[in-house]
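Participant: Dropping a prediction and its sequence here:
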Amino acid sequence: SAVKDKAGLITTEVKANETQSSFVFDTGAGISCITESMAKKMGVKILPDNNISVASFTGQKNKVRIGVAPEINLGELKIHNAVFLVYPDKAFTFADGAYVINGIIGFPIVKELGTITIEKDKLTFSKELEANTTEKNLFVDELRAIVMLTYKGKTLPFNFDSGAKESLFNKAFYETFKTDLDRMGTLETSKSSSAGAEVVSTEVLVLKDQQIYLGKKLIQLPKMEIDQKDYGVYGEVNFGNIGQDVLGQFEKVVISFDGSYLRLED
C-alpha cells in the first residue's frame, strides 16, 4: 500500500524482523536510508564505524554508518542484503518532532522493482514487462533516474525525484531560457530542508502557470521555481529536479526502469 505522509511524499510499507513501518519511496535517493532506532528494530546489521559523513543537498553534513538488512519485505517482494545508510534519529526529525521519517527506499532498490505503478492509495511493482509503445523518456545514470521533459520546444534531462516535495529548476535551465524567464519571473525566497533537518533559504525566480511536456503529455506547473545561481549537485548537464508537485497531479504514475519510460495518466 502507498500513502502520502504529512509532507505529501509517497510512502510504502516495509517489513523486517517482525517490525512494520512506512518508508518514503524516493527515486531521488542514491542509496536507501534508515534511522538508527528503526535499524535496530528491523534487525539491520550495522557495520563498524568508518567515519563516513554524508552531505545532503542543503549542504548539511551528517555522520552515518552503513547497515545491511538481511531481508526486508515490500508487500509480496522479498529483498535480501539491502544496503542502508544509518542516520542518527535527529537527522530525520523535522519541525520539532512533528514530522519524522523512519527510512527511505532509495534508487538501488527502486530500479530493481521493474514496473512501478503509483495510484491514489496504492503502490504496485511488477516484473512483467507490458508490451508498450511508450517512447523511452526515463534513463538510469549511475545511482539516479533521469527523465526527459520538454519546455518551450526544447527536450532536456532532469533528475527524477519522487522524494522531493517541489520541483526546482536550476542555473542551466535559467541560462537556456534566460530572456523569457527574466521577463516573466519574480524573485522570492524559498525554504527547503533535507536529511539533516537543516532549513536553507534560497532566492529563486518564480514563474506562474508554466507548461512542460512529457512527450505529448501536458504538465501544468502553477508555480515554477528556478535557482539562477546554482547548477545543483549534478552539474550543468542536468536542468533541475522534478518532484511530487508534478507526479501528484496525476491519478496514475507508471515508472518502468526495465522499459525506460515514465507514463502519467489523468
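Facilitator: Here it is on my side, so go on.

Participant: my guess is Asp182 is in a helix, correct?
Facilitator: Yes: under DSSP: H, G, I helix; E, B strand; the rest coil, Asp182 sits within a helix.

Participant: State the distance from the spatially closest residue to it that is not a sequence neighbour to Phe177.
Facilitator: Nearest residue to Asp182, sequence neighbours excluded (Cβ to Cβ, 6 or more residues apart in numbering): Leu205, at 7.9 Å. The way it works is simple: take the backbone N, C-alpha and C, and place the C-beta from them, glycine included. Counting by Cβ to Cβ, to the nearest Å, the gap from Leu205 to Phe177 is 11 Å.

Participant: And Asn51, by the same measure?
Facilitator: Remark: distance between Asn51 and Phe177 (Cβ to Cβ) = 43 Å.

Participant: shouldn't Thr11 be in contact with Phe23?
Facilitator: Yes: between Thr11 and Phe23 there is a contact under Cβ atoms under 8 Å: 6.2 Å.

Participant: neighbours around Val206, how many?
Facilitator: Residues contacting Val206 under the criterion other Cβ atoms under 10 Å number 14.

Participant: Check Lys127 too.
Facilitator: Using other Cβ under 10 Å, Lys127 is surrounded by 10 other residues.

Participant: Skipping adjacent residues, who's closest to it in space?
Facilitator: Among residues not flanking Lys127 along the chain, Gly114 sits closest, at 4.1 Å (Cβ to Cβ, 6+ apart).

Participant: Roughly how far does that neighbour sit from Lys120?
Facilitator: Distance, Gly114 to Lys120, using Cβ to Cβ: 21 Å.

Participant: which of the two has more neighbours?
Facilitator: Neighbours per residue (other Cβ under 10 Å) separate Gly114 from Lys120, with Gly114 holding more: 16 against 9.

Participant: Tell me the bridge partners for that one.
Facilitator: Note on Gly114: beta-bridge partners by DSSP bridges are Ser126.

Participant: which residues touch it?
Facilitator: Phe125, Ser126, Lys127, Glu128, Leu129, Ser256, Phe257, Asp258 (Cβ atoms under 8 Å, 6 or more residues apart in numbering).

Participant: Okay then, goodbye and thanks.
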